[in-house]
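**Student:** The sequence and its predicted three-dimensional model are supplied below.
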Amino acid sequence: MKIQEEAKQVVQKAVKKMKSGGGIKQVIWVGAGGSFGGFYGANYFMHQESKTIFSNMYTSGEFIYAPPKSIDQNTLVVLCSMRGTSETIDSAKVAKNHNATTIALYVDESELVQICDFKIKYESLALDESRLERVNGSIGICIAMNLLEQVEGYKNFEIAMKTFDLLDHIYRKAVEYTIPLAKEWAEQNKDQKTIYVIGSGPAYGAAYVFSICNLEEMLQLNSPTIHSYEYFNGPFEVTDKNKSIFQLLATGKTRPEDERALKFEQRFGGKKLYVLDGKEIGLDDIEPAVSPYFNHPIFSSILNNVYMRELSYTTHESYETRRYMWKEDYK
């Protein structure tokens, strides 16, 4: 079954379940690390397109300790965890205790799947054989689009659903295109201890995941994530010719923010300024009306599977190693 149809069926069941209690008034996206970051695309879509459904994101820990008072029978909570992170499981319990309806995104079955009302299995972004429309970020967007279509109507729904069939092909072409570019970038940055990642709008989530999951977790490098507009409200003061800056250029309405940041970086930055443009990695092959909403899965997959890997190969540091994760007690 295609992910479009699977997401449609799950959302239909959730909408039906919630109808007697007044219907869906808000959707909350919950996860930890890359599972949390993967929901940026879905949340961004809802903010841009929905008139009646409030949408927000919470890390699993914050959702446990400080859940919003608005959670009730009119709330849909979508939770993501690859293997069943304990805090995400506890977040599902909090959601259920507040009478919310829940959907679990998962790879390996865990207590999360047992607690939640509905479930969708996804494929790990980090595996080469995974199809891009089946990774967690893509499924989150598909859920959001189906939710909007069923509750309010979404005029570009059919175009968006057809786009999911194109994603994997676009991604594979982008991998071929970026590998030689990433090798050159990695060689320039093999001795760098800090890499600034800058982006905005529909690509900000990909910038965030690249920083915390790829560069910091996997390669143990310092990597602040900076919003392209907020760059001018402090962070641009550290720009100089020795800094390593990785700028994402998104497609969509917020692109001028990225271009403004890039213009300044080109004036005062150096040879370690790098630009990854969504138009060059296939986002311009998607209908402009929906293209911005697919920035996240395409950028995130390229950053993880091309740029992070090439930097790992160049530095001879395995991206499988960890200092603390899964080794030290941090519960």
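**Tutor:** Great, that's in hand. In this text the structure is predicted, and so the values were computed from the model without any measurement.
**Student:** Please state the offset of stretch 304-311 from the chain centre?
**Tutor:** Distance, stretch centre to chain centre, for stretch 304-311: 17 Å (Cα atoms, centre = their mean, to the nearest Å).
**Student:** Surely L248 is in a strand?
**Tutor:** Yes - checked against DSSP: H, G, I helix; E, B strand; the rest coil, L248 lies within a strand.
**Student:** What's the separation between it and G137?
**Tutor:** Remark: distance between L248 and G137 (Cβ to Cβ, to the nearest Å) = 15 Å. For every residue, glycine as well, the C-beta is placed using N, CA and C.
**Student:** where along the protein do the helices fall?
**Tutor:** With helices called from DSSP state H, the chain shows them at 3-19, 34-37, 40-49, 60-65, 86-97, 111-115, 136-151, 157-164, 167-188, 204-209, 255-268, 295-302, 309-315.
**Student:** about what we covered before: L248 and G137: which is more packed in?
**Tutor:** Just comparing L248 and G137: by other Cβ atoms under 10 Å the higher neighbour count belongs to G137, 31 against 27.
**Student:** ok, now which ones touch the closest residue to that one other than its chain neighbours?
**Tutor:** Of all residues not flanking G137 in the chain, G38 sits nearest, at 4.0 Å (Cβ to Cβ, 6 or more residues apart in numbering). Going by Cβ atoms under 8 Å, 6 or more residues apart in numbering, G38 touches 31, 80, 125, 135-137, 140, 205, 209, 296, 300.
**Student:** How many residues are close by the closest residue to Y293 other than its chain neighbours?
**Tutor:** Distances taken as Cβ to Cβ, 6+ apart put F45 closest to Y293, at 4.8 Å, once the chain neighbours are dropped. Neighbour count for F45, taken as other Cβ under 10 Å: 27.
**Student:** now do the one 4 residues further on
**Tutor:** Burial of E49, expressed as a neighbour count using other Cβ under 10 Å, amounts to 20.
**Student:** and if you look at the one 4 residues further on?
**Tutor:** I53 sits with 19 neighbouring residues when counted by other Cβ under 10 Å.
**Student:** swap in the one 3 residues further on?
**Tutor:** The number of residues packed around N56, counting by other Cβ under 10 Å, is 14.
**Student:** For the closest residue to it other than its chain neighbours, give me its contacts.
**Tutor:** Nearest residue to N56, sequence neighbours excluded (Cβ to Cβ, 6+ apart): I28, at 5.6 Å. Counting by Cβ under 8 Å, 6+ apart, I28 touches 55-58, 63, 68, 71, 75-78, 95, 100.
**Student:** go with 10 Å
**Tutor:** Applying Cβ atoms under 10 Å, 6 or more residues apart in numbering to I28 gives the contacts 39, 43, 54-58, 63, 67-68, 70-71, 75-79, 91, 95, 100, 102.
**Student:** Could you give the bridge partners of it?
**Tutor:** Per DSSP bridges, the residues bridged to I28 are N56, V77.
**Student:** Look up how far G34 lies from it.
**Tutor:** Distance from I28 to G34, by Cβ to Cβ: 18 Å.
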